[in-house]
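*Asks:* With the sequence up front, the predicted model follows.
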Amino acid sequence: MSTTNDYYDILGISKTTNEKDLKKAYRKLALKYHPDRNKSKDAEDKFKEISTAYAVLSNPEKRKIYDQYGHAGIDGQFNQEDIFRSTDFADILRGVGGMGSGGFGSIFDSFFGSSTSRDPSRGQDLRYDIELTLEQAFKGEKMNITIPRHVKCQYCIGSGAEKGTSPINCSDCGGRGQVQVTRSAGFARFVSVQNCSTCQGRGQIIKKPCKKCNSLGIMEKKQTIELNIPSGVDEGSRIRLRGSGDITSGTGQPGDLFVVTHMKSHDSFVRDNENLIYETDVDYPIAVLGGDILVPTLNKNAKLKIPSGTQNNTIFKLKGKGFPRINGFGTGDLLVRINVKIPKKINSKERKLIEELSSEFGSDISKRKFF
Ligand SMILES: [Zn+2]
Ligand SMILES: [Zn+2]
């Protein structure tokens, strides 16, 4: 189960609530909803929801991602287990429910169990690949994608039975979909469980099938899905949209949709994880004397100071002018590689000046004496 409610609302706190008050708010709710204390049916789900909210907001890195990107940022990067494992509940939940020395964690383990073991009625996950420009990946992007997916049949609402009718329980298997079959071989008897042949294992019989879906309960539909791509995605980043995958039966749950991002190449920049690499020509006099040059970044130009005596292939770092790190704090750097430009053509004035310079350097070999 993943929640779509706001984590701050869930804990009844505000965006500016500090760590101490966050702990207090969570502990108060944990006392109320811990399944060892609260026997109501939805207590476990509620406890899981507040614990997830607390696990995210008590971790500064995850809280930052959540503040910026909301659920999409968290769900895209962490599964339930990542979220719980990195949080120390032992301390805060001391004395709450069965969280004694040995018992701690059992409730969380049961959460992982339910989140990792696959429900057989759950549909297929889908994958959708998109290509982004460097600029789109830098800024983040809202876009709509249209995908063909299997959804509940809209006419029979997944039941497979004609509108106005409903499936009836199979009398041969009592609605279980399976029957016990006993075979004898000599004195030995073998009991095996087989799918009921009357209802093909469905447990239900449809007298009047839905004509729109041939009683399958599902239909293919082109669906437009709004996609929020967080800033900082890279080649191969996966964004998970829970419940936007296929369903395989009218009564089952949908799988997830995974959007995988790919990067288009860029005319000016090469990306290296969170860093950007840019190569620029620098005129020979600037390399010798020093001076400022302008370099592009992904939002605006930046000034780079070239110190005097800069050598060819020197790399300068413009801190924080790279990509935002999607998994953590801060931003990468822009690395500028200097290519000292040797002019291919010069005019007569330049020729005269460089010849003077050359003689100043003593470059004329007739004047050199090695031996
Ligand atoms: Zn139907
Ligand atoms: Zn049956």
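*Replies:* Received it, and whenever you're ready, just let me know what you need. Residues are numbered from 1 along each chain as shown. Ligands and ions are numbered 1, 2, ... in the order given.

*Asks:* what does the host helix or strand of residue 32 contact?
*Replies:* In this assignment (DSSP states H and E), residue 32 forms part of helix 19-33. Residues from elsewhere that reach helix 19-33, judged by Cβ atoms under 8 Å, 6 or more residues apart in numbering: 11-13, 17, 37-38, 43, 46-47, 50-51, 53-54, 57-58, 92-93, 96-97. For every residue, glycine as well, the C-beta is placed using N, CA and C.

*Asks:* Just the buried ones among those, please.
*Replies:* 11, 13, 17, 38, 43, 46-47, 50-51, 53-54, 57-58, 92-93, 96-97 (16 or more other Cβ atoms under 10 Å).

*Asks:* Setting the sequence-adjacent residues aside, check what's closest to residue 194.
*Replies:* Sequence neighbours aside, residue 181 is the residue nearest to residue 194 in space, at 5.2 Å (criterion: Cβ to Cβ, 6 or more residues apart in numbering).

*Asks:* what's the helix or strand containing residue 130 in contact with?
*Replies:* Element membership for residue 130 (DSSP H and E) is strand 126-132. Strand 126-132 is contacted from outside by 141, 143, 145, 147, 149, 227, 229, 233, 244-246, 255-264, using Cβ under 8 Å, 6+ apart.

*Asks:* ok, 10 Å please
*Replies:* 136, 138-141, 143, 145-150, 225, 227, 229, 233-239, 241, 244-246, 254-264 (Cβ atoms under 10 Å, 6 or more residues apart in numbering).

*Asks:* So in that sheet, which strands flank it, and in what orientation?
*Replies:* strand 257-263 (parallel) (DSSP bridges).

*Asks:* can you pull the alpha-carbon coordinates of whichever helix or strand comes after the partner strand into CSV?
*Replies:* Next along the chain after strand 257-263, taking DSSP H and E as the criterion, comes strand 269-272. Output in CSV follows, covering the C-alpha atoms of strand 269-272 (Å, rounded to 0.1, in the frame of the first residue of the first chain):
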residue,chain,number,x,y,z
PHE,A,269,27.8,19.7,-23.0
VAL,A,270,28.7,16.2,-22.1
ARG,A,271,27.1,14.9,-19.0
ASP,A,272,29.1,12.8,-16.4
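
*Asks:* Tell me the strands beside strand 269-272, with direction?
*Replies:* By DSSP bridges, strand 269-272 pairs with strand 275-283 (antiparallel).

*Asks:* quick one: buried residues of the strand it pairs with?
*Replies:* Under 16+ other Cβ under 10 Å, the buried positions of strand 275-283 are 275, 276, 277, 278, 280, 282.

*Asks:* if we take those residues, which one ends up nearest to ligand 1?
*Replies:* The closest of the buried residues of strand 275-283 to ligand 1 turns out to be residue 276 (Cβ to the ion; 51.9 Å).

*Asks:* looking at it, that closest one is touching residue 263, isn't it?
*Replies:* No. Contact between residue 276 and residue 263 fails when scored by Cβ atoms under 10 Å: they sit 11.7 Å apart.

*Asks:* Find residues that contact each of those two.
*Replies:* By the contact definition Cβ under 10 Å, 6+ apart, residue 276 and residue 263 are jointly contacted by residue 134.

*Asks:* gap between residue 59 and residue 46?
*Replies:* Noted for residue 59: a distance of 21 Å to residue 46, by Cβ to Cβ, to the nearest Å.

*Asks:* can you check residue 274 too?
*Replies:* Distance, residue 274 to residue 46, by Cβ to Cβ: 38 Å.

*Asks:* which of the contacts of strand 126-132 are buried?
*Replies:* Buried among these (16+ other Cβ under 10 Å): 136, 138, 140-141, 147, 149-150, 227, 229, 233-234, 237, 239, 241, 244-246, 254-259, 261, 263.

*Asks:* Leaving out sequence neighbours, find the closest residue to the residue of the stretch 251-371 of the chain at minimum distance from ligand 1.
*Replies:* In the stretch 251-371 of the chain, the residue that lies nearest ligand 1 is residue 251 (12.0 Å; Cβ to the ion). Closest residue to residue 251 apart from its sequence neighbours, by Cβ to Cβ, 6+ apart: residue 158 at 5.8 Å.

*Asks:* Hmm, residue 248 and that neighbour touching each other?
*Replies:* No. Using Cβ under 10 Å, residue 158 makes no contact with residue 248, being 11.3 Å away.

*Asks:* joint contacts of those two?
*Replies:* Common contacts of residue 158 and residue 248, defined by Cβ under 10 Å, 6+ apart, comprise 216, 217, 218.

*Asks:* How much space separates the last one from residue 202?
*Replies:* Counting by Cβ to Cβ, the gap from residue 218 to residue 202 is 13 Å.

*Asks:* again, but for the first one
*Replies:* According to Cβ to Cβ, residue 216 stands 11 Å off from residue 202.

*Asks:* what sits in contact with each of those two?
*Replies:* Joint contacts of residue 216 and residue 202 (Cβ under 10 Å, 6+ apart) are 160, 249.

*Asks:* Tell me which of those two has more neighbours.
*Replies:* residue 202 (20 against 17; other Cβ atoms under 10 Å).
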